[in-house]
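Undergrad: 3D, please:
(chains A and B)
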2 protein chains.
Amino acid sequence: VKKIPGKPIVAVDIGGTKTIAAVLDTEYRTLARVRCLTCADEGPDCVIDTMVKAIHQAVKRCGLSLVDTGGVAIAAAAIIDLNRGLVTAAPNLPGWENIPLVDILAARLSARVVMLNDASAAAIGEHRLGAGRGMDNIIYITVSTGIGGGIVINGELYNGTDGCAAEIGHMIIDINGPLCKCGKRGCYEAMASGTAIGRMARERLAAGRSSVMLELADGRIDKVTAATVATAAARNDTLAEEVVRDAGFFLGIGLANLVNLINPQAIVVGGGVSKMGERILSPARKSMRQHAFKLPVSTVRVVRAGLGTDTGLIGAAIYAREVGRVTA
Amino acid sequence: VKKIPGKPIVAVDIGGTKTIAAVLDTEYRTLARVRCLTCADEGPDCVIDTMVKAIHQAVKRCGLSLVDTGGVAIAAAAIIDLNRGLVTAAPNLPGWENIPLVDILAARLSARVVMLNDASAAAIGEHRLGAGRGMDNIIYITVSTGIGGGIVINGELYNGTDGCAAEIGHMIIDINGPLCKCGKRGCYEAMASGTAIGRMARERLAAGRSSVMLELADGRIDKVTAATVATAAARNDTLAEEVVRDAGFFLGIGLANLVNLINPQAIVVGGGVSKMGERILSPARKSMRQHAFKLPVSTVRVVRAGLGTDTGLIGAAIYAREVGRVTA
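TA: Residues are numbered from 1 along each chain as shown, chains lettered A, B, ... in the order given. Okay, here's the model as predicted:
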């Protein structure tokens, strides 16, 4: 894919907690960046107002107006109907059901708008400019509060028929497992995400296990989160290390399923939990090797994402430019 | 993909029990067909001798010799390294480990040889000439003794990096589930295949449940197989119907995982178990809808394979012709 020179793109990353709007030049460098709270609980209208304001502000900070840009590229933590520009569902955005966000924003901004899933955006970002460069087939997986994914096949983002492929986090790996926030049991996300790590730690503390985690959480088990576990594990706390190892085991089972199904060259792991590095990736690789066939598992490399937290923004801008939905 | 006119192809389907060699014309009609026992237990040399004999016999029956054909296309129930023409592993073919079957046969036959996984072959067959015609993205799944699969993306067979993608049967859906013959627990194949159906029936009979299945198996629980269950279910036997329903439930969980991951237009179901038709597909669809996201599940159609038992042979011949590894 050749890089087309041209106008900057306004990339927007909309998550359950925060919304980021950034203006990226044709080399995907940040010219301006606005970060604000999503106000998800106040419903779609409020969130859309927030996005519009953030977009205008980011553009203004560059001394530009929207007509000077190539358009707007949105990465959303949602199940997206790519063909129709709909947010069909979004577990972290209450009230979002079949919202035609692309049309709404295009009308309010008088600009070209393209939208894709945030993990899919990150996948294309990592493939073009990050840890998956030059490879044919990669899977990107983000492990944070939830688990999301994106699939690159033959060097191109694979979106599926509707644009909602790669919902890796809701692959069931334990039909009798813990309840997922999606309502099902034993989803990958319910077993190996930051949420799962926090839950496992709290369960074991409640069962009477001792750990520095209790001090870190001011003696309140209910305050223990994945961040607490990460901090305690870095201090070689036995229980925290055990929880991370167990989460790594489950992480590896999902990786094995993906390896057996997709036979990728690499799985690129991003998201907050991946910041624990080898502490979680090493047991994950071990479990992956135990649960996948020799041939594909000897090929795949499990590596950390290379682009950092902006990978979704960068990927959305790349995607917008490549599919030609913005004015290059 | 345009169809290239030319010479017939010798297609070979090598399974754990039987080997079929068939000569197919450019319209994929069978000109001759030889079926023999694989003699898998006697090891690779015997199996290869069997294949060579069957190939020569099939060609001879058409009044041809091998030089009159475009070459040999093999569909094998194995984990295949497509790039190197290796059978790396084959659960139903004892002793097959990193056997360079393509080179061996090419040398013994003085012919062009191409090899792919049997379910991948069936996938391309169903896409070109069967139930998946005209679609962009389909998954083929064969449910018989085991579960195999093939993925067609953007109208082309997706082989993965090594050529061993779509090992659907060993996707783990229940980490504490029954032991699979691959050595892992809770593989899709261990939960929803013909083997699983037989096991569930035997377990419930051993627990004292009454059923016509016992009569059908001459009073011997250990003689009850998926075929017994199918026969009894067709006679509305309560326990047999329950087992099929439960297998359908597990089948649907795997389908849901595939729907969430691949977002295909259709899942084409073949293999012996699929002959039970709606009796198993109806509970499978219901379970799939319960376990997948609304958008992709509203798109996907779960349909029975259209090409019958020859789909692997036909698909292998199509693949050989399309990738140009045979003399068209």
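
Undergrad: need the helices for the stretch 101-250 of chain A, in chain order.
TA: A:101-109, A:118-129, A:188-192, A:194-206, A:212-216, A:226-234, A:238-262 (DSSP state H, counting those that start in this stretch).

Undergrad: Could you point out which of those helices sits nearest residue A:304?
TA: Closest to residue A:304 of those, according to CB to CB: helix A:118-129, at 10.0 Å. For every residue, glycine as well, the C-beta is placed using N, CA and C.

Undergrad: How about the closest one and chain B, touching?
TA: No: using CB under 8 Å from any CB of the partner chain, helix A:118-129 stays clear of chain B, coming no nearer than 11.2 Å.

Undergrad: and the angle from the helix or strand where residue A:267 lies to helix A:118-129?
TA: Using DSSP states H and E, residue A:267 sits in strand A:266-270. If you take axes from the mean of the first three to the mean of the last three CA atoms, to 10 degrees, strand A:266-270 sits at 120 degrees to helix A:118-129.

Undergrad: before we move on, back to that, could you dump the helices of the stretch 101-250 of chain A to JSON lines with mean pLDDT and mean neighbour count?
TA: Formatted as JSON lines, those follow (pLDDT from 0 to 100; neighbours: other CB atoms under 10 Å in any protein chain shown):
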{"stretch": "helix A:101-109", "mean pLDDT": "97", "mean neighbour count": "18"}
{"stretch": "helix A:118-129", "mean pLDDT": "97", "mean neighbour count": "28"}
{"stretch": "helix A:188-192", "mean pLDDT": "97", "mean neighbour count": "29"}
{"stretch": "helix A:194-206", "mean pLDDT": "98", "mean neighbour count": "22"}
{"stretch": "helix A:212-216", "mean pLDDT": "98", "mean neighbour count": "18"}
{"stretch": "helix A:226-234", "mean pLDDT": "98", "mean neighbour count": "21"}
{"stretch": "helix A:238-262", "mean pLDDT": "98", "mean neighbour count": "25"}
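
Undergrad: For the residue in the stretch 1-150 of chain A that chain B sits nearest to, pull up the helix or strand it's in.
TA: The stretch 1-150 of chain A approaches chain B most closely through residue A:88 (4.7 Å), counting by CB to the nearest CB. Using DSSP H and E, the element containing residue A:88 is strand A:86-89.

Undergrad: how about the CA coordinates for that strand, as CSV?
TA: Coordinates of each C-alpha in strand A:86-89 appear next as CSV, following Å, rounded to 0.1, in the frame of the first residue of the first chain:
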residue,chain,number,x,y,z
LEU,A,86,-23.5,2.3,12.8
VAL,A,87,-22.5,1.8,16.4
THR,A,88,-24.7,-1.3,16.9
ALA,A,89,-23.7,-2.0,20.5
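
Undergrad: neighbouring contacts of it?
TA: Identification of contacts with strand A:86-89 by CB atoms under 8 Å, 6 or more residues apart in numbering or on different chains yields A:76, A:78-81, A:93, A:96-102, A:115, A:164, B:293-295.

Undergrad: Return the subset of these lying in strands.
TA: Counted as lying in strands by DSSP state E, out of the contacts of strand A:86-89, are A:76, A:79-81, A:115.

Undergrad: From the residues you listed, list the ones also adjacent to chain B.
TA: A:79, A:81.

Undergrad: how about the ones in strands among the contacts of strand A:86-89 in TSV, adding distance to residue A:64 and pLDDT?
TA: Below are the ones in strands among the contacts of strand A:86-89 laid out as TSV (distance: CB to CB, whole Å; pLDDT from 0 to 100):
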residue	distance to residue A:64	pLDDT
A:76	24	96
A:79	32	95
A:80	27	96
A:81	31	96
A:115	21	97
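
Undergrad: how about residue A:116, what does it touch?
TA: Per CB under 8 Å, 6+ apart, neighbours of residue A:116: A:73-76, A:80, A:82, A:157, A:159, A:163, A:316, A:319.

Undergrad: rerun at 10 Å
TA: Neighbouring residues of residue A:116 by CB atoms under 10 Å, 6 or more residues apart in numbering or on different chains: A:73-76, A:78, A:80, A:82, A:123-124, A:150, A:157, A:159, A:163-164, A:312, A:315-316, A:319-320, A:323, A:325.

Undergrad: sorry, back to before: make a ChimeraX selection of the buried ones in the contacts of strand A:86-89.
TA: Buried subset of those, written as a ChimeraX selection, criterion 16 or more other CB atoms under 10 Å in any protein chain shown:
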select /A:76,78,79,80,81,93,96,99,101,102,115,164 /B:293,295
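
Undergrad: circling back to that earlier point, can you go through the contacts of residue A:116 and name the buried ones?
TA: A:73-76, A:78, A:80, A:82, A:123-124, A:150, A:157, A:159, A:163-164, A:312, A:315-316, A:319-320, A:325.

Undergrad: Near whatever residue of the stretch 101-250 of chain A ends up closest to chain B, how many other residues are there?
TA: Going by CB to the nearest CB, chain B is nearest to residue A:160 of the stretch 101-250 of chain A, at 2.6 Å. Neighbour count for residue A:160, taken as other CB atoms under 10 Å in any protein chain shown: 26.

Undergrad: What distance do you get for it to residue A:141?
TA: 16 Å (CB to CB, to the nearest Å).

Undergrad: Residue A:324 too?
TA: 28 Å.

Undergrad: Compare these two (neighbour count), which wins?
TA: Comparing residue A:324 with residue A:141 by neighbour count (other CB under 10 Å), the higher total belongs to residue A:141, at 29 against 11.

Undergrad: of all the residues in the stretch 1-150 of chain A, which ones are close to chain B?
TA: A:79-82, A:86, A:88-89, A:97-98, A:135-139, A:149 (CB under 10 Å from any CB of the partner chain).

Undergrad: still on that earlier bit, isn't the residue of the stretch 101-250 of chain A closest to chain B up against residue A:149?
TA: No: if you go by CB atoms under 10 Å, residue A:160 and residue A:149 don't touch, sitting 11.7 Å apart.

Undergrad: what is the rounded mean pLDDT of stretch A:59-74?
TA: The predicted model assigns stretch A:59-74 a mean pLDDT of 96.

Undergrad: Show the end-to-end separation of it, please.
TA: By CA to CA, to the nearest Å, the extent of stretch A:59-74 from end to end equals 15 Å.
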